[in-house]
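Participant: Give the three-dimensional model of this entry:
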Amino acid sequence: MSKLGFVKARAFIVLVGAALSLAFAARAHADLGDEQKLAARYAPVVRLVTQEHECGPGEPYRPMDVDALFGEDTVALRGPWTKLDLVKIGPAAQELVGRYEYHLDFPGSALEPGCDYERWSRRITAGKNATVYAHVAVDPADPGKVALQYWLFYAFNDFNNLHEGDWEMIQLNFVARDARAALDKQPAEVGYSSHEGAESAHWGDEKLEVVDRTHPVVYPGAGSHANKYTAALYLGSSAEAGVGCDDTQGPHDELRPTVATIPSEPAAARRAFPWVAFQGRWGELQKAFFNGPTGPNLKDQWAAPIEWSKTWRDRSYAVPTGGILGTRATDFFCAAVTSGSRGLVSLLRSPGLTVLVLAVLAALLIFGVTRTEWRPAAPLHIARRRAWGQILSAAGRMYVKRASLFLGIGLLFIPLGAVISAVQAVVLGGFGLVGVDTTGESAGALLFVVVAIGTTLTFLGLGLVQAATACALVEIDEGRSIGPLRAYRLALARIRPLLGALGAAVAVVLVLSATTILIPVAIWLTVRWLLLAQVVELEHESALGGLRRSSRLVRGRWVRLGSLIGVGALLALAIGPLLGAILIFLSEAALPLLNIVAGVVYALAMPFVALTTSYAYFDARARDELERTSAPAVLPAEITLRAV
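Facilitator: The predicted model follows:
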């Protein structure tokens, strides 16, 4: 080839290469434009639980622009060795690239968050819009589908697994080859991340709320940020669904976050958002699940979104709004998980002190159990003194020996409990019908009214069970036959003074409790009036006379009677919800059914509490009368005195 020909050929190649480069650049630009258009079309509407007061209940954190972290002198980049290995204060986004197992550290302690993170995040995000990060991804294993993801970052995860930083996301799947083709389609399915898993919905499902035809509504759980489709209290008992209860109940603050689109082309993504190449953790280094989370690029769904979507579950379990007899396995489960998490946090934060406290409590329990007498557990001849342990063992022995009688008394308590729950529901609904606001500042007063009504009815019902059990116990001791219906008939013979005494006691305790500062006085009076039902029923006292008589019997025995009946009540109240909570882990039974099981077990256990109270009453009465009859009016002289 001549020199001139070679020059022409090289020029032709350069021109063709330049044209191809421009063509690919134009195609890449067009692809990013399509991705941005798709991301804007389906941008989520975020409804956060309203926080009315700083550091109070509700959701204080907003999906934030992570650029607020970079160059911020309260943020540190630390090495992968220990949480004290400082690399830089106020790192830039570019300085995170390729950092493997390094971690960002925010001001505060994840295990003792207090209000620190809330105030800090509010400061660094002041003047910035809430932000979500869109990312369009295809899956090599499913080339006919494309995923549109929205990633949300929160400064802190204030759930059972406390940790700095929290990445959550939602994903929309399209049957299309790329973003441009997806613009002509509707999403086929949607997935909302929730802890380690996600919940699915088809586009058009009733549970999926959509605004302006294309914007899905997401309800993040207060504190946990687990994404839900509706406003409710959700229960999880696995890693995928989270262990605990996510609360998305309103009122809500609605956000329309700014959408920042991360290019699907990796090199372009790193240029626009260098932090997507960070291979470390977005939060303080801690043990186990208190550790800061990894970023989107290290999640399975980042590179294999369609394969990941095959693991989505089809539902989350909302906790039923009503329970039988005011006791629910679901409430117990939520409270138990929260308490267990706090205990674990305390153990990690102060292992020596926590172990010491547990050891002291165990020692006190062993001391109490071994210092009392448990035998003989003789349930008959009820009018006698008994040791602390003998009262519990006698009550248990009597319950087992006459199981049909006391189970019957408990079963008759079930419809009474249903009436109590129904009355509470009617009262709450009635306030709404007459125009009383059930949210905002009036919610506290309304809650007190509902609690007062429920507490009053519950204690009246328990008093009736106490009276029926006491009557049955006397009849058994006298050798007469007795059944559940006759026990209640005997109790109803004294219903007016019984209701009067119980009503007066509940009213006083509620008024004192409402002041908060007088709650100790309310507790003190509650124990003094524990024997009220037995006194009115068996000694034929009037309402006020019953209050005075119960107080006299308890005087000098407050700790003994309070601890005794408290232990009996704890056993009875806990067994039903505890059984239900265990079944939550071990079975797939519906939550309303488990609440019913817990309520029934609770009702059947109430006669045991009544038996314990009755034996405690006879013990106190025997001690009181023996002390009065055995104490001489005049003490004889023991020495002779001579007159001076």
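
Participant: quick one: strands adjacent to the longest strand seen in the chain?
Facilitator: Using DSSP state E, we find that the single longest strand of the chain is strand 142-157. Partners of strand 142-157 in the sheet, by DSSP bridges, are strand 131-139 (antiparallel), strand 163-174 (antiparallel).

Participant: Please state the mean pLDDT value computed over it.
Facilitator: If you average the pLDDT over strand 142-157, you get 95.

Participant: Go through it and flag the buried ones.
Facilitator: For strand 142-157, the neighbour count (16 or more other C-beta atoms under 10 Å) marks 142, 145-157 as buried. Backbone N, C-alpha and C define where each C-beta goes, glycine included.

Participant: mind giving me CSV with the residues you listed and columns for distance to residue 568?
Facilitator: Output for the buried residues of strand 142-157, formatted as CSV (distance: C-beta to C-beta, whole Å):
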residue, distance to residue 568
142, 60
145, 61
146, 63
147, 57
148, 58
149, 55
150, 53
151, 53
152, 49
153, 50
154, 45
155, 46
156, 42
157, 40
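
Participant: Which of those sits closest to residue 74?
Facilitator: residue 155 (11.2 Å; C-beta to C-beta).

Participant: what's the neighbour count on the residue nearest to that closest one when sequence neighbours are not counted?
Facilitator: Once flanking residues are discounted, residue 155 sits nearest to residue 121: 3.7 Å by C-beta to C-beta, 6 or more residues apart in numbering. The local packing of residue 121 (other C-beta atoms under 10 Å) involves 21 other residues.

Participant: any idea how far residue 121 is from residue 108?
Facilitator: Distance from residue 121 to residue 108, counting by C-beta to C-beta, to the nearest Å: 10 Å.

Participant: Among the strands paired with strand 142-157, show me which one is buried the most.
Facilitator: Highest mean neighbour count of the strands paired with strand 142-157: strand 163-174, a mean of 24 (counted as mean count of other C-beta atoms under 10 Å).

Participant: Quick one: mean pLDDT for that one?
Facilitator: When pLDDT is averaged along strand 163-174, the result is 96.

Participant: Output that strand in CSV with nothing but the alpha carbons.
Facilitator: C-alpha atoms of strand 163-174 as CSV (Å, rounded to 0.1, in the frame of the first residue of the first chain):
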residue,chain,number,x,y,z
HIS,A,163,-27.6,0.8,64.5
GLU,A,164,-26.2,3.9,62.8
GLY,A,165,-27.3,4.3,59.2
ASP,A,166,-30.2,2.4,57.5
TRP,A,167,-30.7,1.6,53.9
GLU,A,168,-34.1,0.5,52.7
MET,A,169,-35.6,0.2,49.2
ILE,A,170,-38.6,-0.5,47.1
GLN,A,171,-38.5,-2.2,43.6
LEU,A,172,-40.7,-2.2,40.6
ASN,A,173,-40.3,-5.0,38.0
PHE,A,174,-41.2,-4.4,34.4
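
Participant: Buried ones in the very next helix or strand once past it, by neighbour count?
Facilitator: Sequence-wise, the next helix or strand downstream of strand 163-174 (DSSP states H and E) is helix 179-182. Judged by neighbour count using 16+ other C-beta under 10 Å, the buried positions of helix 179-182 are 179-180, 182.

Participant: swap in stretch 550-569?
Facilitator: 550-551, 553-554, 557, 560-562, 564-565, 567-569.

Participant: related to what we said a few turns ago, what sits up against the strand or helix carrying the residue nearest to residue 155?
Facilitator: Under the criterion of DSSP H and E, residue 121 resides in helix 116-124. For helix 116-124, contacts defined as C-beta atoms under 8 Å, 6 or more residues apart in numbering pick out 54-55, 60-62, 64, 68-69, 72, 74, 106-109, 155-156, 158, 164.

Participant: hmm, try it at 6 Å
Facilitator: Residues from elsewhere that reach helix 116-124, judged by C-beta atoms under 6 Å, 6 or more residues apart in numbering: 60-61, 68, 72, 107-108, 155-156.

Participant: Confidence-wise, which of those comes last?
Facilitator: Pick the lowest pLDDT in these and you get residue 108, at 90.

Participant: With adjacent residues omitted, what lies nearest to that one?
Facilitator: residue 116 (3.7 Å).

Participant: How many residues are close by that neighbour?
Facilitator: Counted with other C-beta under 10 Å, residue 116 comes out at 16.

Participant: how close does it sit to residue 128?
Facilitator: 20 Å.

Participant: try residue 262
Facilitator: 18 Å.

Participant: More neighbours: which of those two?
Facilitator: residue 262 (26 against 13).

Participant: Please tell me how far the closest residue to the more buried one other than its chain neighbours sits from residue 268.
Facilitator: Distances taken as C-beta to C-beta, 6+ apart put residue 135 closest to residue 262, at 4.6 Å, once the chain neighbours are dropped. Relative to residue 268, residue 135 is positioned 12 Å away (C-beta to C-beta).

Participant: For the stretch 1-150 of the chain, give me the ranges with low pLDDT.
Facilitator: Filtered on pLDDT under 70, the stretch 1-150 of the chain yields the residue ranges 1-30, 83.

Participant: just to revisit the earlier point, which pair in the buried residues of stretch 550-569 spans the largest distance?
Facilitator: By the measure C-beta to C-beta, 551 and 567 form the most distant pair in those, at 21.6 Å.

Participant: continuing past the helix or strand of the chain with the lowest mean pLDDT, what's the next helix or strand?
Facilitator: Here the helix or strand of the chain ranked lowest by mean pLDDT, DSSP states H and E is helix 3-41, holding a mean of 59. Remark: after helix 3-41, the chain's next helix or strand is strand 45-49, criterion DSSP H and E.

Participant: the inter-axis angle of that next one versus strand 131-139?
Facilitator: Angle, strand 45-49 to strand 131-139, by axes from the mean of the first three to the mean of the last three C-alpha atoms, to 10 degrees: 130 degrees.

Participant: what lines up beside whatever helix or strand comes next after strand 45-49 in the sheet?
Facilitator: Using DSSP H and E, the helix or strand that follows strand 45-49 in sequence is strand 76-78. Applying DSSP bridges, strand 76-78 is found paired with strand 86-89 (antiparallel), strand 100-105 (antiparallel).
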